[in-house]
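Colleague: can you look at this prediction? I've put the sequence above it.
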Amino acid sequence: MDQGIIASFKAYYLRRTFSQTVKATQDDAMTLKEFWRNYKNIADSWEEVKKTNMKRVWNKLCPQFADGFKEFTTEDIAEARLTVVDIGNNQLQLDINEDDALDLFAFHVKELTNEDLMELEQQHLRKNTET
């Protein structure tokens, strides 16, 4: 699954996060801190991963089922990365470049362990009981 799908998802996720941040904070409707507490965009970002990406990955995993396989391209990921840089610089007043965006995409490369997931869930539960 890591053969392009994760990179695509990260690119779409970060692009959506930056876009939603701009929308949420534009008219002083909410602060950036309030936005981060309420933002949930994983499902929407996953919906942006195209069927062709999924098919290409499965074709690499199960070549015996490959029917007219075309090599995976990274044009969509590059476009999303450029959008992130543009939004970051022009709308969020961040001083970022394409390398910074690549670092953001690679931030969560390490797979989470069960212990990590349990700790995240405990933090989430504590945060919900505090509010």
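Modeller: Received the coordinates, thanks. Computed from a predicted structure; not experimentally measured.

Colleague: what packs against the lengthiest helix in the chain?
Modeller: Using DSSP state H to define each element, the chain has its longest helix at helix 5-26. Applying 3 or more CB pairs under 8 Å, 6 or more residues apart in numbering; DSSP states H and E, one finds that helix 5-26 contacts helix 32-38, helix 42-48, helix 51-61, helix 75-90, helix 98-105. Every C-beta, even on glycine, is put in place using the N, C-alpha and C of the backbone.

Colleague: from the chain's centroid, how far away is the last one?
Modeller: In terms of CA atoms, centre = their mean, to the nearest Å, the centre of helix 98-105 is set 12 Å apart from its chain centre.

Colleague: so what's the gap between the helix or strand that it is followed by and the chain middle?
Modeller: Sequence-wise, the next helix or strand downstream of helix 98-105 (DSSP states H and E) is helix 114-130. Relative to the centre of its chain, helix 114-130 is centred 21 Å away, using CA atoms, centre = their mean.

Colleague: dump stretch 114-131 to CSV, restricted to CA.
Modeller: Extracted as CSV, the C-alpha positions of stretch 114-131 are listed here (Å, rounded to 0.1, in the frame of the first residue of the first chain):
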residue,chain,number,x,y,z
ASN,A,114,-0.2,-0.5,19.1
GLU,A,115,1.2,1.3,22.1
ASP,A,116,1.4,4.5,20.1
LEU,A,117,-2.2,4.1,19.0
MET,A,118,-3.4,3.4,22.6
GLU,A,119,-1.6,6.4,23.9
LEU,A,120,-3.2,8.6,21.2
GLU,A,121,-6.6,7.3,22.2
GLN,A,122,-5.9,8.0,25.9
GLN,A,123,-4.9,11.5,25.0
HIS,A,124,-8.0,12.0,23.0
LEU,A,125,-10.2,10.6,25.8
ARG,A,126,-8.5,12.9,28.3
LYS,A,127,-9.0,15.9,26.1
ASN,A,128,-12.7,15.1,25.6
THR,A,129,-13.3,14.7,29.3
GLU,A,130,-11.6,18.1,30.0
THR,A,131,-14.0,20.0,27.7
